[in-house]
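In: Structure, please.
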Amino acid sequence: MKAFIALLFVASQLFASALGLYDGFYVYGGRSQTASKHSYLVFGLYPALPDCKLVDKFPGYFAMDDVSKNQGVNCNGDGCPQSQKDPQRLDRVEINVEFGHYTWYKNRDNNLVDLGDRVVGKCFEQHEIFTSGEVHCRKPTDKGEQKVDIYPYLWCDTKVWKA
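Out: Prediction:
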């Protein structure tokens, strides 16, 4: 039954996207390792399920403790990249990016709110819909291989996305 619901969800998104009815973004989080072996916790926001081409096209954002003044993503809960305990346990994800500053709260009916505390959409944890969705990218550079390993966190149904 879960596989059928996931298939139905993906089919409905593809259909809505083809008709131009689809608004929202995916939030992925994980690790990026530079060719010089420096490793960073990162997040990416994507208008569709990402592959390596999409990961390369859209900017990555650092995981930060405070995103009030800087672009980045702050994640709370055992499912966040920094804890790596349980990817199915998120409590709050705060996003400060080019198109705005928003926070998703699990305990507020999965609402996505802006800085004025106005509801601008809803987000759903990826594990509620997908059983996988991991993306592993490798990119050769003149200094070695760059790696990005990201995992699905949220699907946000909202009109605030501006790609």
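
In: Tell me which residues touch the closest residue in space to Pro50 that isn't next to it in sequence, please.
Out: Counting by C-beta to C-beta, 6 or more residues apart in numbering, Pro50 lies nearest to Val135, which is 5.4 Å off, once chain neighbours are set aside. In short, each C-beta sits where N, CA and C put it, glycine included. Applying C-beta atoms under 8 Å, 6 or more residues apart in numbering, we find Val135 in contact with Tyr28, Pro50, Asp51, Cys52, Val55, Val148, Asp149, Ile150, Tyr151.

In: Of those residues, which is the most crowded?
Out: The most neighbours of any of those, using other C-beta atoms under 10 Å, belong to Tyr28, which has 27 neighbours.

In: roughly how far apart are that residue and Val42?
Out: Between Tyr28 and Val42 the distance is 9 Å, computed by C-beta to C-beta, to the nearest Å.

In: any common contacting residues for these two?
Out: Between them, Tyr28 and Val42 share these contacting residues under C-beta under 8 Å, 6+ apart: Ile150.

In: what's the first-to-last distance across stretch 94-101?
Out: Distance across stretch 94-101, first residue to last, is 8 Å (C-alpha to C-alpha, to the nearest Å).

In: please renumber so the chain begins at 34
Out: Sounds good: first residue 34 from here, last item stretch 127-134.

In: where's that stretch relative to the chain centroid, distance-wise?
Out: With C-alpha atoms, centre = their mean, to the nearest Å as the basis, the distance from the averaged C-alpha position of stretch 127-134 to the chain average is 12 Å.

In: Other residues contacting that stretch?
Out: If you take C-beta under 8 Å, 6+ apart as the criterion, stretch 127-134 is touched by 60, 76, 78, 92, 94, 100-101, 103-108, 135-137, 147-148, 193-195.
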